[in-house]
Each structure stands twice: as C-alpha cells, then as structure tokens.
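Q: Let's see this in three dimensions:
(chains A and B)
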Amino acid sequence: DVKVTQSSRYLVKRTGEKVFLECVQDMDHENMFWYRQDPGLGLRLIYFSYDVKMKEKGDIPEGYSVSREKKERFSLILESASTNQTSMYLCASSSSRERKYFGPGTRLTVT
Amino acid sequence: ELKVEQNPLFLSMQEGKNYTIYCNYSTTSDRLYWYRQDPGKSLESLFVLLSNGAVKQEGRLMASLDTKARLSTLHITAAVHDLSATYFCAVDPIQGAQKLVFGQGTRLTINP
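A: Residues are numbered from 1 along each chain as shown, chains lettered A, B, ... in the order given. I've put the predicted structure just below:
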C-alpha cells in the first residue's frame, strides 16, 4: 500500500513565524503536491514537483515556498505565517497520471 | 481557466434511496477523478475515469463520464449510513500536467 505521511496532524503557530510542513512518501513516486483545503473552496494546488530539486507553482503559491532535496520528501514552507494561512494542508504523491495518494493532512492554525 | 462545479453542495437523504451527484467542468479533459473524504480525514481515491463513456462501479457507487458534455456523475444506489462523507470530483485538464482542479465538494448525509 502506498503510504504518504505528514509530520504533524495539528499545528499552532504565531503570526510571523517560519513554518515547515513535511511530507514523505514510500512508493518512489516522481510527483508530489501540496494542496490547501478550505470550506466551500475544495482543494487548491499550492506547489508541485515532478522530480528532485524541481518545483512548479500551482494556483495559489503566494506566501509559500517548497523544497524537494530527496525524491521521497517534499516540504512546504511558510516564510512568515499569517492568519489567512490557517487551513488544512494536504500532501499527495503519484506516478504519471494515475490516481494521487493523499496524506492525512495537517491542520494549521496561525494566531 | 478550468472551473469544476459540483451540485448539489449539500445533500441529506434517507437510507435506501437513490441519488446522483453532478460534476461539470469547463474545458476539455479526458480524465476525471472521484474522491471521498470522511470528517477530519484525508482523501480516499474512489474512481479514475479515463475516457468518454467510461463507467466504473464499486458497491453502491457508480461513476460515469461524458467528455462531450463535460459532465461526470456519481450515482448512489440504495444509500446506507456508511456512505455519509464529502465527495469531490477533480479534473486533469492537460495531458501530463497533473494539475488537478477540484470541485467544491458535496457533503452527503444519509439518515437512518
């Protein structure tokens, strides 16, 4: 079974803090994604990566950056957290165009 | 810009009844996904529909795709309480790009 894990299920940070969200997959997938989920808006793509050290912006990249130094790990970074970044963050991985496998999610609250 | 719209957004139904969730999208695509999400949980893949006319069924759920109408449906037959969840459709607009665009989700509640 594909396993996608995220470093934290719940996280509370203060405005202005630097926040790291980590995602690890164990199926040697080339592709990894970060989404945020907000009520009524569905899931929106923040960044994705096709390969190590490669990244592309999604639909809402502002205020975020990413890092992919190893194939199995994809990190989302909030350089200076703001309250409008309070959300559920979901990581996903996939191989080619097949179904994506999602992690359990991190519910981030910025106060 | 690709838009994906689901309706209804909220659905409350009785056990044993049939119902359909609709997913419309605005640009050409040959690949559509359905996911299920339980409260507080992540997304679980249900179906991948790969071509026009594709139909897939698992248990009481059946999904179909009409690429000409840009419409997918998720049909629930003889609903049971365990199917209560939020259902998302997602469209892959460009071959190879994998930038899935999700609908808003349909929150389904099935009452005994």
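Q: What ranges in the chain fall below the confidence cut-off?
A: All of this refers to chain A. Where chain A drops to pLDDT under 70, the residues are A:1-2, A:97.
Q: sorry, should have said chain B
A: When residues are selected by pLDDT under 70, those of chain B lie in B:94-97.
Q: how about the residues of it near chain A?
A: For chain B, the contact set with chain A under C-beta under 8 Å from any C-beta of the partner chain comprises B:4, B:9, B:31, B:33, B:35, B:41-45, B:48, B:88, B:90, B:92, B:95-96, B:98-105. Glycine gets a C-beta too; all of them are placed from N, C-alpha and C.
Q: Among these, which lie within strands?
A: Members of the residues of chain B next to chain A lying in strands (criterion: DSSP state E): B:4, B:33, B:35, B:43-45, B:48, B:88, B:90, B:101-102.
Q: how about the residues you listed in CSV, adding neighbour count?
A: Formatted as CSV, those follow (neighbours: other C-beta atoms under 10 Å in any protein chain shown):
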residue, neighbour count
B:V4, 24
B:Y33, 23
B:Y35, 24
B:L43, 26
B:E44, 13
B:S45, 18
B:V48, 19
B:F88, 26
B:A90, 24
B:V101, 22
B:F102, 22
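Q: what about dumping the CA coordinates of stretch B:17-29 to PDB?
A: The C-alpha trace of stretch B:17-29 is given here as PDB (Å, rounded to 0.1, in the frame of the first residue of the first chain):
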ATOM      1  CA  LYS B  17     -32.900   6.000  -1.600                       C
ATOM      2  CA  ASN B  18     -31.000   6.600  -4.800                       C
ATOM      3  CA  TYR B  19     -29.400   9.900  -5.700                       C
ATOM      4  CA  THR B  20     -26.900  11.500  -8.100                       C
ATOM      5  CA  ILE B  21     -24.100  14.000  -7.600                       C
ATOM      6  CA  TYR B  22     -23.100  16.000 -10.700                       C
ATOM      7  CA  CYS B  23     -19.700  17.300 -11.700                       C
ATOM      8  CA  ASN B  24     -19.500  19.800 -14.600                       C
ATOM      9  CA  TYR B  25     -16.200  21.200 -15.900                       C
ATOM     10  CA  SER B  26     -15.400  24.000 -18.300                       C
ATOM     11  CA  THR B  27     -12.600  22.900 -20.600                       C
ATOM     12  CA  THR B  28     -11.600  19.700 -22.400                       C
ATOM     13  CA  SER B  29     -10.300  16.900 -20.400                       C
END
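Q: Mind listing what's buried along it?
A: Neighbour-count burial for stretch B:17-29, counted by 16 or more other C-beta atoms under 10 Å in any protein chain shown, picks out B:19, B:21, B:23-25, B:29.
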